[in-house]
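1. The following comprises the amino acid sequence and a computationally predicted model.
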Amino acid sequence: MPGKAQPIAFINARLVDPESRYDGAGALVVQGGVIADVVKKPTLGQLSADIRVVDCNGTMLAPGLVDIRVKTGEPGAEQKETLKSACRAAAAGGVTSIVIQPDTEPAVDDPATVDFILRRARDIELVNVYCAGAATQRLGGERMAEIGLMLEAGARYLTDVDKPIVDSKVFRRVLSYAKGFDALVAHRPADPYLSAGAAATEGEFAARMGLPGVPVVAERIMLERDLALAEITGARLLVDQITCADALESLARGRKKGVRVAASASINHLTFNELDIGDYRTFYRLDPPLRSEDDRQALIDALSSGLVEIVTSAHAPAPAEDKRLPFDEAVPGAVGLETLLAGLLSLHHEGRVELIDLIRAATFAPAQLLGLPGGRISPGAPADLVLCDIGAPLYLDADSLISKSKNSPFDGRKLQGLVLMTLAGGRIVHKAQE
Amino acid sequence: MTKLVGIDDVRARTFAFPARHFISVSDLNRLQVHDLLALSETFVALNRQQAKKLDLLKGLTLMNLFFENSTRTQSSFELAGKRLGADVVNMNPRSSSMAKGETLIDTAVTLNAMHPDLLVVRHASSGAAALLAQKVSGSVVNAGDGQHEHPTQALLDALAIKQAFGRVEGLTVAICGDVAHSRVARSNVIMLSMLGAQVRVVGPPTLIPGSAERWGVEVHHDMRRGIAGADVVMMLRLQLERMQGALVPSTREYFRFFGLDREKLAAAAPHVRVMHPGPMNRGVEIDSDVADDLSVSLIQNQVEMGVAVRMAVLASLAARLEGRN
């Protein structure tokens, strides 16, 4: 593997390192799969002859992205996405670590399935693949899954993904039991009864469109419960996909009270609002549904202030047969591995969030939360890096995506941010065509 | 040949029980526990000789009233009563007319009309023994009430520890497993702390009450850390209905993290002794390899001590009854 690869020096880079909060000129050397040396000036001085030198010409060199919410169809629905196609898409998008969600068929709810995913991923040798384990058996929300054994097998956190655990007693037990291992439990706050059948956010727009809506309080109601249970159990909670101003207020209160809570937002809810549903395009059929512009702005503010620490792609491949349907019948979800970075950069270009905070939310913050080695630029850290021309124009054509499914809401959008090179464990896993 | 134990030895050591009933370990103070343990040791010696019978309780009626099945505890009380010469009646409320809708208080009043002197009660509800005690004129011995207490179990455990180590004070005792639902754990925490042991409770957070720290014990969720350096490891029974995803994901996960095997036991003191109130779930909370190793396990001793401490409790309660008459 990496050990024998030729050392590479990156010079004249705009180094963005969220761990040390450095955004400025920099250079570094990659050797033996790790970052061997970093300097906060354009060049490294005398380099030995066998080093390959990459002149970054002032483009951004940042930690490879760490995306903690990635679905594939493997095992069970390989037509949507395989682990391999997801890894290739990740590499193309500058994502060097992905955390696979357990809602596969069969679900990842025992140590053998965790082991299966990790073994399959090891053979692919592209980006770093981790996986999350189910919180309850078969994601059924009734019986606790083998949390301890899955953690031992390598599961990084526990989640029932899109399915809220309705029974508060069950969720309390999951939190409490996970606390014994100091494990992180992710939960998507959504009242399932209020959300049932909804395809859009309740309000004037959904009413006019004639789409069944869910009120945003469905998120707040469940979040308040989750925070209260995290409080009494002392467990670590990740609020998965927070989307609205209402819930952000609850989150802020919970954190102020000392609840051990982190929160993630999807790039989709930071980028789009309910009006994008406009012509019933099912690529905008998401769960939770897209919110109002006010909610989106509140979410961006929360990201900027650090209330929401993590951004994910919420990568959810859905093939044409799942999307070529009337809006409310279409399967929710969007692919995002290849557009996460460009989506983040658009928030920077709009001047809404500082670049370093955006990069942090998709690198160091998630890596730190899950205890992953990536997301850092410091000597000894794995050489998981992305080199990106953040100003280069990019027209997104969903058909050109590497993902097996093409359901991207960015389809047809003009973006900025071209991934020039992606390194994972010191190996070049993606390089833009000249 | 050593002198046989006789009624005079017992009389010399018997003291009147401090209360009419024995509901909780908290009914006793430290000195009284020591007295009971000393008397129990006399009965251990008596039980080991061929002539085991005394007529200390002659004329008294002992009624076993077990609303919950228990072969071990019921026969232990039955033997204790019989060896002391009491008339022992085993009522089985579950299969009698008492099961047919009669309330606990009606049952108590009915039985009280038969004038039992000693009423040994086991019931699935916490507080049932105390309720019964208010309604009968004899002495009530709590043989386990719900998830509350099992005071004679704590006494027998203390005696087994004392016999193995010569003392209880200063020892570190780790109580492991389903503490939340265990009356054995509650009684032992009180008893062993009173006798000066350092008590720890060990188990997954779903099986440890959230307020356990306030019991004056150390709480651990990691088995190896919880039993590190312990002199005594006391395993608790895990009810099977609490597994399979309810409070614990599965039997195999429980055994992996909280089942006592040689590997985990290596973290304890080299001279560690292992206890279990029985009946054991082998391969769930305890490995047979450990349970059956007589150099480590005190499980058989616990059963033996059970009869002796119950004789001591009955004798002391009877002494109080005599004093009152």
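-> Yes, it's here.
2. so what's residue 287 up against?
-> Unless you meant another one, I'm taking chain A. By CB atoms under 8 Å, 6 or more residues apart in numbering or on different chains, the contact set of A:Asp287 is A:Asp162, A:Pro332, A:Gly333. Every C-beta, even on glycine, is put in place using the N, C-alpha and C of the backbone.
3. if you could check chain B rather than the one you did, that'd help
-> The contact partners of B:Asp287, taken as CB under 8 Å, 6+ apart, are B:Phe255, B:Gly259, B:Leu260, B:Asp261, B:Arg262.
4. Check these for burial and list the buried ones.
-> Applying 16 or more other CB atoms under 10 Å in any protein chain shown to the contacts of B:Asp287, the neighbour count classes B:Phe255, B:Gly259, B:Leu260, B:Asp261 as buried.
5. From A:Val259, how far off is A:Leu238?
-> Separation of A:Leu238 from A:Val259 (CB to CB, to the nearest Å): 12 Å.
6. Comparing those two, which shows the higher neighbour count?
-> Each of A:Leu238 and A:Val259 has its neighbours counted (other CB atoms under 10 Å in any protein chain shown); A:Leu238 has more, 28 against 20.
7. wait, the more buried one sits on A:Pro366?
-> No. Under the criterion of CB atoms under 8 Å, A:Leu238 makes no contact with A:Pro366, lying 9.6 Å away.
8. Now the common contact residues for those two.
-> Common contact partners of A:Leu238 and A:Pro366 (CB under 8 Å, 6+ apart): A:Ser264, A:Ile310.
9. Now for residue 82, how many residues are close by?
-> I went with chain A, as the question did not name one. There are 19 residues near A:Thr82, going by other CB under 10 Å.
10. Sorry, I should have been clearer: chain B.
-> Residues contacting B:Lys82 under the criterion other CB under 10 Å number 16.
11. Figure out how far the helix ranked longest in chain A is from the centre of its chain.
-> Counting by DSSP state H, the longest helix found in chain A is helix A:217-233. Centre-to-centre, helix A:217-233 and its host chain are 22 Å apart (CA atoms, centre = their mean, to the nearest Å).
12. which residues of the stretch 201-350 of chain A fall in helices?
-> Per DSSP state H, counting those that start in this stretch, the stretch 201-350 of chain A carries helices over the ranges A:204-209, A:217-233, A:245-256, A:267-271, A:293-305, A:320-323, A:340-349.
13. Out of those helices, the one nearest B:Leu159 is which?
-> B:Leu159 sits nearest to helix A:217-233 of all the helices of the stretch 201-350 of chain A, at 37.8 Å, using CB to CB.
14. Now do the SS call for the most centrally placed residue in chain B.
-> Taking CA atoms, centre = their mean, the centroid of chain B lies closest to B:Gln153, which sits 0.8 Å from it. Secondary structure for B:Gln153, judged by DSSP: H, G, I helix; E, B strand; the rest coil, is helix.
15. Which single one of the buried ones among the contacts of B:Asp287 is nearest to B:Ala315?
-> For the buried ones among the contacts of B:Asp287, the nearest to B:Ala315 is B:Leu260 (34.9 Å; CB to CB).
16. who touches that closest one in this structure?
-> Counted by CB under 8 Å, 6+ apart, B:Leu260 has contacts B:Cys176, B:Met223, B:Val233, B:Met235, B:Val274, B:Glu285, B:Ile286, B:Asp287, B:Val290.
17. ok, the fourth one - how many residues close by?
-> The number of residues packed around B:Met235, counting by other CB under 10 Å, is 27.
18. Can you name the residues that contact it?
-> B:Met235 makes contact with B:Cys176, B:Gly177, B:Leu260, B:Val274, B:Met275, B:His276, B:Met280, B:Glu285, B:Ile286, according to CB under 8 Å, 6+ apart.
19. gap between it and B:Asp289?
-> Distance of B:Met235 to B:Asp289, computed by CB to CB: 13 Å.
20. how about the nearest residue to B:Arg30, chain neighbours excluded?
-> Spatial nearest neighbour of B:Arg30, excluding adjacent residues (CB to CB, 6 or more residues apart in numbering or on different chains): B:Met194 at 5.3 Å.
21. Let me fix that, I meant to ask about B:Ile7.
-> The spatially closest residue to B:Ile7, leaving aside those adjacent along the chain, is B:Leu54, at 5.0 Å (CB to CB, 6+ apart).
22. Likewise for A:Asp17?
-> Using CB to CB, 6+ apart and skipping residues adjacent in sequence, the residue nearest A:Asp17 is A:Ile377, 4.2 Å away.
23. ok now the longest helix that chain B contains, how far from the chain's centre?
-> Looking across chain B with DSSP H, the single longest helix is helix B:299-324. With CA atoms, centre = their mean as the basis, helix B:299-324 stands 11 Å off its chain's centre.
24. Who are the contact partners of residue 124?
-> This is for chain A. Neighbour list for A:Ile124: A:Leu83, A:Lys84, A:Cys87 [criterion: CB under 8 Å, 6+ apart].
25. Let me rephrase: I mean chain B.
-> Shown in contact with B:Ala124 (CB under 8 Å, 6+ apart): B:Phe67, B:Glu68, B:Gly146.
26. about what we covered before: can you redo the contacts of B:Asp287 as CSV with pLDDT and distance to B:Gln134?
-> What follows is the contacts of B:Asp287, written out as CSV (pLDDT from 0 to 100; distance: CB to CB, whole Å):
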residue, pLDDT, distance to B:Gln134
B:Phe255, 95, 43
B:Gly259, 96, 41
B:Leu260, 97, 40
B:Asp261, 96, 46
B:Arg262, 96, 49
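27. Relative to B:Arg214, which of the residues you listed is nearest.
-> When the contacts of B:Asp287 are compared against B:Arg214 (criterion: CB to CB), the nearest one is B:Leu260, at 26.2 Å.
28. who's the nearest residue to that closest one once chain neighbours are set aside bridged to?
-> Nearest non-adjacent residue to B:Leu260, counting by CB to CB, 6+ apart: B:Ile286, 4.8 Å away. Beta bridges link B:Ile286 to B:Leu260, B:Arg282 when assigned by DSSP bridges.
29. Now for B:Ile286, how many residues are close by?
-> Quick note: B:Ile286 (other CB under 10 Å) scores 28 neighbours.
30. Hmm, it is touching B:Met280, no?
-> Yes. Proximity of B:Ile286 to B:Met280 meets the contact threshold set by CB under 8 Å, at 5.6 Å.
31. quick one on the thing from earlier: got CSV for the contacts of A:Ile124, with secondary structure and neighbour count too?
-> What follows is the contacts of A:Ile124, written out as CSV (DSSP: H, G, I helix; E, B strand; the rest coil; neighbours: other CB atoms under 10 Å in any protein chain shown):
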residue, secondary structure, neighbour count
A:Leu83, helix, 24
A:Lys84, helix, 17
A:Cys87, helix, 25
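32. Include distance to B:Thr14 and pLDDT when you put those into TSV, please.
-> As requested, the contacts of A:Ile124 are exported to TSV (distance: CB to CB, whole Å; pLDDT from 0 to 100):
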residue	distance to B:Thr14	pLDDT
A:Leu83	75	97
A:Lys84	80	97
A:Cys87	78	98
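33. JSON lines for those, including distance to chain B?
-> What follows is the contacts of A:Ile124, written out as JSON lines (distance: CB to the nearest CB, whole Å):
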{"residue": "A:Leu83", "distance to chain B": "26"}
{"residue": "A:Lys84", "distance to chain B": "31"}
{"residue": "A:Cys87", "distance to chain B": "30"}
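34. Now distance to A:Ile232 too, for the residues you listed, in TSV please.
-> Below are the contacts of A:Ile124 laid out as TSV (distance: CB to CB, whole Å):
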residue	distance to A:Ile232
A:Leu83	38
A:Lys84	43
A:Cys87	40
